[in-house]
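Asker: pasting the sequence and the predicted model now:
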Amino acid sequence: MEPLRLQIVTPEGRTFDGEALYIELPTLEGQLGVFPGHVPLVAGLAAGEIRVKAANANPSFIVVGGHVEIEETVVT
């Protein structure tokens, strides 16, 4: 299965655009893990940390809110 494409966008512009094998997000309903092929979903983001597992790195990002849109192979 192909990896996810993660795009993190802020009011200042795109801060990350890369591939991920797994993404963990802090949503208003609790932590959400996303693998490629996830069912489409839109959720509110809570304050916390977005954790990314990629092939050659594991970046993380702090968020204070917003929303996430999950498609089969793209998370924005």
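Answerer: On my side now, so go ahead.

Asker: what's the local residue count around residue 68?
Answerer: 21 (other Cβ atoms under 10 Å). For every residue, glycine as well, the C-beta is placed using N, CA and C.

Asker: buried residues, the helix or strand containing it. List them.
Answerer: Using DSSP states H and E, residue 68 maps to strand 66-70. Within strand 66-70, the residues scored as buried using 16 or more other Cβ atoms under 10 Å are 68, 70.

Asker: remind me which residues of this protein are low pLDDT?
Answerer: Of all residues in the chain, none has pLDDT under 70.

Asker: from the contact counts, what lies against the strand holding residue 68?
Answerer: strand 41-45 (3 or more Cβ pairs under 8 Å, 6 or more residues apart in numbering; DSSP states H and E).

Asker: tell me which residues of the strand it packs on are tucked away?
Answerer: Buried, per 16+ other Cβ under 10 Å, within strand 41-45: 43, 45.

Asker: now the angle between strand 66-70 and that strand, please.
Answerer: 160 degrees (axes from the mean of the first three to the mean of the last three Cα atoms, to 10 degrees).

Asker: report the beta-bridge partners for residue 62.
Answerer: residue 49 (DSSP bridges).

Asker: what sits against it?
Answerer: 48-50 (Cβ atoms under 8 Å, 6 or more residues apart in numbering).

Asker: what is the nearest of those residues to residue 68?
Answerer: residue 50 (8.7 Å; Cβ to Cβ).

Asker: the closest one against residue 58, yeah?
Answerer: No. Residue 50 lies out of contact with residue 58 (Cβ atoms under 8 Å); the separation is 11.4 Å.

Asker: neighbour-wise, which of these two wins?
Answerer: Using other Cβ under 10 Å as the criterion, residue 50 and residue 58 rank with residue 50 on top: 20 against 11.

Asker: burial measure for the closest residue to the more buried one other than its chain neighbours, as a count.
Answerer: Distances taken as Cβ to Cβ, 6 or more residues apart in numbering place residue 61 nearest to residue 50, at 4.4 Å, with adjacent residues excluded. Neighbour count for residue 61, taken as other Cβ under 10 Å: 15.

Asker: ok, now residue 4?
Answerer: Other residues close to residue 4 by other Cβ under 10 Å number 26.
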